[in-house]
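**Q** everything below, folded, please.
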Amino acid sequence: MAKQTGFWSIEDRLEEFSAVGDPLETLNRTVEIERFRPILERAVGRPRGIKDGRPAMAVVLKFRMLVLQSLHGLSLEATEKMVRDRLS
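**A** Numbers count the residues shown, from 1 in each chain. Take a look at the predicted model:
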């Protein structure tokens, strides 16, 4: 069965990002982000328990977002828009 492509096909969207120089791919190639995990987890403190409400966002993911935000001079709103676009 052939794959049906649509206007919002995720594969097509990711290929478009790669073609224009996806900043996430560049960051992943040049910086070993996981190396910062122990430092980030110590800085955040104790892990949140179930009673504390919604689970916290992964610290490495937050750090990656902050690095991209600072490298590209993005506002918080612009960063949020890019993250939502990436998720959609």
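**Q** count the residues that sit near the closest residue to T79 other than its chain neighbours.
**A** Leaving aside its sequence neighbours, T79 sits nearest to Q69 (Cβ to Cβ, 6 or more residues apart in numbering; 4.7 Å). (Glycine included, C-beta is placed from N, CA and C.) Neighbourhood size, Q69 [other Cβ atoms under 10 Å]: 16.
**Q** with the one 5 residues further on instead?
**A** By other Cβ under 10 Å, 15 other residues sit near L74.
**Q** and if you look at I10?
**A** I10, neighbours per other Cβ under 10 Å, totals 9.
**Q** any idea how far I39 is from it?
**A** I10 is 33 Å from I39, where distance means Cβ to Cβ, to the nearest Å.
**Q** just S18 next, same as before
**A** Taken as Cβ to Cβ, the span from S18 to I39 is 30 Å.
**Q** low-confidence ranges, the chain, go.
**A** By pLDDT under 70, the low-scoring segments of the chain are 1-8, 46-56, 86-88.
**Q** what segments of this structure are helices?
**A** All helices of the chain, identified by DSSP state H, fall at 10-19, 23-30, 37-44, 59-71, 76-87.
**Q** just name the most buried of those helices.
**A** helix 59-71 (a mean of 14; mean count of other Cβ atoms under 10 Å).
**Q** just want the angle from that one to helix 76-87.
**A** Here helix 59-71 runs at 120 degrees with respect to helix 76-87, directions being taken by axes from the mean of the first three to the mean of the last three Cα atoms, to 10 degrees.
**Q** now do helix 59-71: everything it contacts.
**A** 23-24, 27, 31, 33-34, 36-37, 40-41, 43-44, 74, 76, 79, 83 (Cβ atoms under 8 Å, 6 or more residues apart in numbering).
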